[in-house]
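*Asks:* next one to model:
(chains A and B)
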Amino acid sequence: MPPDGEAQPSIDSDVVALLEDSTEELYESAPCGYLSTLMDGTIVKINKTLLDWLGLSRDEVVRRRRFSDLLTVGGKLYHETHYAPMLRMQGVAGGIALEMKVADGARLPVLITSTVKRGADDRPLLVRTTVFDATDRRSYERELLRARREAEKARRQAEADREQLREALAVLQQSLLPASLPVVPGVETAVHYHTASPVRLGGDFYDLFPLGDERFAFFLGDVCGKGPKAAAVTSLARYTLRTAALQGLDPEAVLSTLNAALLERYADGDPRYCTVIFGVLEPEGRAVGVRLASGGHPPALMLRADGVAQYLPTPAGMLVGAFPQASFTTVRTALEPGDTLLLYTDGVTEARTGADNDLYGYDALQSFATGLAPAQPRAVIDAFAGLLVGFGDGLNDDTALLALGRPHQ
Amino acid sequence: MDILRRNNVRVMGPETGRPLVLAHGFGCDQNLWRLVAPGLAEHYRVVLFDYVGSGRSDLAAWREERYTTLDGYAQDVLDVCEELDLRDAVLVGHSVSAMVGVRAAAAAPGRIGTLVMVCPSPSYIDEEGYRGGFSAADIEELLDSLEANYLGWSATMAPVIMGNPDRPELGEELTTSFCATDPEVARVFARTTFLSDARQDLKTVTVPTLILDCEQDAIAPREVGAYVHAAIPGSRLVTLPAIGHCPQLSAPQATADAVTAFLEAS
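*Replies:* Numbers count the residues shown, from 1 in each chain, chains lettered A, B, ... in the order given. Down below sits the predicted model:
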């Protein structure tokens, strides 16, 4: 009761009349469907709301149909294999999505809740079921499902596109490296190429090719940057070096040619440069003579037959493509039987190692090579490939390795 | 892999009793045997298990490719039989498990000596000369609804099964896991169940076989029981006074009695 002095809210007399509604009326025209079945599923009572939804008359249903007769096949199978057992075992089951058949052939998505009613002797007698129209919910679910399928389709397309790109890049990368090395009389060769990322074209390159007069040329280098632009520089460098070498130029002149080519090509303000070692092999008695020039590249390592490993100085070599007046110097050495020359890019020396993530560095590299010497090219490359694997995540750059050796005869 | 844990195996009854392996069908899990297992365990060594993917099995062990054929389910049965070193066991298979039992018995004759088929169906789809109870379109509709997760299998619509203080005998573990099925597992299980045609397999049955069907069964109608009976020479057919596809729940006593009577007589 409200406190004294406060007026009670007035209720319209028509509303009062509605509130007087019979329980029967509440059952029949409830906003949800009601039905009662015997334990075998036979429908013994059903309200008007549900009959209207299904487009059926009471006479067609009561004592003539079982609950599962009102369901679609999918709903019926679910009812038999899940819902009815659940109800049997637990006496109650709620919030289950099913589909009912409407007389005109349409389907009515519903949510149902059922309770088993028991007699005095605890015998299960009746199942009371409440049926909610879930059409709106179903539309929502359909929309979710459609969105999920679209997203799934987009994801698959993106995956396919990525795969295609990976393939294209792999082919392009291959085109920047020789498919195989030619046989050089009296010289054993071995290479290794580590790709840091399958989707980023590396800038490391190498080649070995005949000059046509018992001499062979080789080079190994590293273009600054990664990706398609770096690949374009690699391509230009590779073919310029080949062409210059075939014209019979000395190593220093070959590097000067590349320097000029890069400056000319990238004169528009987006300079591109590289480091490169270029050399020529030529027979020299029982040894193989080597003429070598470096353009800003880490020094080659010579693993001698006597067990010593030393860097081979290539003085005055400036970065290629950076300066108009770059100068290079050709040095000479020889591969005696048992010697191996190793060219490498800075992926190996700049790998991060140890607890402090220090650079691997030149001292460690030389120590490692000393541990190997004397060694044939294949053995050197295999050992270095193992070293790279050992760097794990510390190796984050592409790395090219080229070894040339004069075996014992 | 620990098979007993993988398949949530439970064993009850006297150690010297003849082994009785109860295999659940598509839908729930071993809990469906709850009303008949205690009675049978008075004389038999009752073995209960869940197929991988169902009930309280190790869901991580589920592989789609294994469970797209009846043989995958038969392998679960055989794994359990081997793990417990069962011999001359009675395989009581409900619904699709009746056909799983046929495969298992053929693959390991020494292990399974008798089959009891509860509401079996070798093929659900009607075709000329055979009535399975469903049209191909019906089964497509079922599989579509599973594909779309429209029915109660959907994880988001899975019922939250509340504790049931009125019936404490159901136990906590039942009320929390009963019938809860991963939609992906249900999808594969349904495809395997409702698209399989094991009619040719019936000829291979050589062990004593009891077929139980129900007076009214929306999934495996009487004609199907009669078909299975006719196809397996020497089999016995008993129609239980029950309605629905799960007589072990709706008429547990009659179901247990029929099994016991058959085993005692044979």
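
*Asks:* buried residues in stretch A:195-207?
*Replies:* A:T195, A:R200, A:L201, A:G202, A:G203, A:D204, A:F205, A:Y206, A:D207 (16 or more other Cβ atoms under 10 Å in any protein chain shown). Glycine gets a C-beta too; all of them are placed from N, C-alpha and C.

*Asks:* the fourth one and chain B: what is the separation?
*Replies:* Spatial separation of A:G202 from chain B under the definition Cβ to the nearest Cβ, to the nearest Å is 39 Å.

*Asks:* and the residue of chain B found nearest chain A, how many neighbours?
*Replies:* Per Cβ to the nearest Cβ, B:G27 is where chain B lies closest to chain A, at 3.2 Å. Look at B:G27: counted by other Cβ atoms under 10 Å in any protein chain shown, it has 28 neighbours.

*Asks:* kindly report the same for the one 3 residues further on.
*Replies:* B:Q30 has 23 neighbours, counted by other Cβ under 10 Å.

*Asks:* also the one 3 residues further on?
*Replies:* Neighbour count for B:W33, taken as other Cβ under 10 Å: 26.

*Asks:* that one and B:G93, how far apart?
*Replies:* 11 Å (Cβ to Cβ, to the nearest Å).

*Asks:* what is the most widely separated pair among the buried residues of stretch A:195-207?
*Replies:* Using Cβ to Cβ, the pair of those lying farthest apart is A:R200 and A:D207, separated by 21.2 Å.

*Asks:* thinking again about what came up before, for the buried residues of stretch A:195-207, which one is nearest A:I11?
*Replies:* Using Cβ to Cβ, those come closest to A:I11 at A:R200, 76.7 Å.

*Asks:* isn't the closest one right next to A:K226, touching?
*Replies:* Yes. Contact criterion Cβ atoms under 8 Å: A:R200 and A:K226 qualify, at 4.8 Å.

*Asks:* hmm, B:F49 is touching B:V9, no?
*Replies:* Yes. Taking Cβ under 8 Å as the definition, B:F49 is a contact partner of B:V9 at 4.6 Å.

*Asks:* tell me the secondary structure for A:D207?
*Replies:* strand (DSSP: H, G, I helix; E, B strand; the rest coil).

*Asks:* hmm, it is touching A:F216, no?
*Replies:* No. Proximity of A:D207 to A:F216 does not meet the contact threshold set by Cβ under 8 Å, at 10.4 Å.

*Asks:* okay, and the common contacts of these two?
*Replies:* Listed contacts common to A:D207 and A:F216 are nil; contacts here mean Cβ atoms under 8 Å, 6 or more residues apart in numbering or on different chains.

*Asks:* how about the residues of chain A near chain B?
*Replies:* Residues of chain A found near chain B (Cβ under 8 Å from any Cβ of the partner chain) are A:39-41, A:68, A:72-86, A:88-99, A:109, A:138, A:141-142, A:145.

*Asks:* any regions of the stretch 51-200 of chain B where pLDDT drops low?
*Replies:* B:147-181 (pLDDT under 70).

*Asks:* all strands for it, in order.
*Replies:* B:89-94, B:112-118 (DSSP state E, counting those that start in this stretch).

*Asks:* and for A:T329, nearest residue in space, chain neighbours not counted?
*Replies:* A:A316 (4.6 Å; Cβ to Cβ, 6 or more residues apart in numbering or on different chains).

*Asks:* where exactly do the strands run in the stretch 151-300 of chain A?
*Replies:* In the stretch 151-300 of chain A, the strands defined using DSSP E, counting those that start in this stretch lie at A:188-194, A:204-210, A:216-223, A:274-284, A:287-295, A:300-303.

*Asks:* hang on, the earlier thing: what touches both of B:F49 and B:V9?
*Replies:* By Cβ under 8 Å, 6+ apart, the residues touching both B:F49 and B:V9 are B:V80.

*Asks:* so for those two, which residue has more residues nearby?
*Replies:* When neighbours are counted by other Cβ under 10 Å, B:F49 and B:V9 differ, and B:F49 comes out ahead with 29 against 20.

*Asks:* distance of the more buried one relative to B:V116?
*Replies:* From B:F49 to B:V116 the distance is 16 Å (Cβ to Cβ).

*Asks:* thinking again about what came up before, so which of the residues of chain A next to chain B are in strands?
*Replies:* A:V92, A:A93, A:G94, A:G95, A:I96, A:A97, A:L98, A:E99, A:P109 (DSSP state E).

*Asks:* can you say which of the residues you listed are buried?
*Replies:* A:V92, A:A93, A:G94, A:I96, A:A97, A:L98, A:E99, A:P109.

*Asks:* indicate the residue of chain A located nearest to chain B.
*Replies:* Counting by Cβ to the nearest Cβ, chain A gets nearest to chain B through A:T81 (3.2 Å).

*Asks:* in a markdown table, list the strands of the stretch 151-300 of chain A along with mean pLDDT.
*Replies:* As requested, the strands of the stretch 151-300 of chain A are exported to a markdown table (pLDDT from 0 to 100):
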| stretch | mean pLDDT |
| --- | --- |
| strand A:188-194 | 94 |
| strand A:204-210 | 94 |
| strand A:216-223 | 96 |
| strand A:274-284 | 95 |
| strand A:287-295 | 95 |
| strand A:300-303 | 96 |
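
*Asks:* mean neighbour count, those: which tops it?
*Replies:* strand A:216-223 (a mean of 26; mean count of other Cβ atoms under 10 Å in any protein chain shown).

*Asks:* in its sheet, which strands sit next to that one, and in what direction?
*Replies:* Paired neighbours of strand A:216-223 in the sheet (DSSP bridges): strand A:204-210 (antiparallel), strand A:274-284 (antiparallel).

*Asks:* CA atoms of stretch A:185-199 as PDB?
*Replies:* What follows is stretch A:185-199, C-alpha atoms only, in PDB (Å, rounded to 0.1, in the frame of the first residue of the first chain):
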ATOM      1  CA  PRO A 185      89.200 -27.800 -64.600                       C
ATOM      2  CA  GLY A 186      91.500 -28.300 -61.600                       C
ATOM      3  CA  VAL A 187      89.200 -26.400 -59.200                       C
ATOM      4  CA  GLU A 188      86.500 -27.700 -56.900                       C
ATOM      5  CA  THR A 189      83.600 -25.300 -56.100                       C
ATOM      6  CA  ALA A 190      80.800 -25.200 -53.600                       C
ATOM      7  CA  VAL A 191      78.100 -22.700 -52.700                       C
ATOM      8  CA  HIS A 192      75.500 -22.100 -50.100                       C
ATOM      9  CA  TYR A 193      72.700 -19.600 -50.100                       C
ATOM     10  CA  HIS A 194      70.600 -18.900 -47.000                       C
ATOM     11  CA  THR A 195      67.400 -17.000 -47.600                       C
ATOM     12  CA  ALA A 196      66.300 -15.000 -44.500                       C
ATOM     13  CA  SER A 197      62.700 -14.600 -45.700                       C
ATOM     14  CA  PRO A 198      60.800 -16.400 -48.400                       C
ATOM     15  CA  VAL A 199      58.800 -13.200 -49.200                       C
END
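
*Asks:* thinking again about what came up before, and the strands of the stretch 151-300 of chain A: which comes nearest A:A231?
*Replies:* Using Cβ to Cβ, the strands of the stretch 151-300 of chain A put strand A:216-223 closest to A:A231, at 8.2 Å.

*Asks:* quick one, the closest one and strand A:188-194 angle?
*Replies:* 20 degrees (axes from the mean of the first three to the mean of the last three Cα atoms, to 10 degrees).

*Asks:* contacts for strand A:216-223, please.
*Replies:* A:182, A:184, A:187, A:203-211, A:230, A:233-234, A:237, A:241-242, A:245, A:254, A:272-281, A:295, A:297, A:320, A:343-346, A:400, A:402, A:404.

*Asks:* and that strand, how far out from the chain middle?
*Replies:* 32 Å (Cα atoms, centre = their mean, to the nearest Å).
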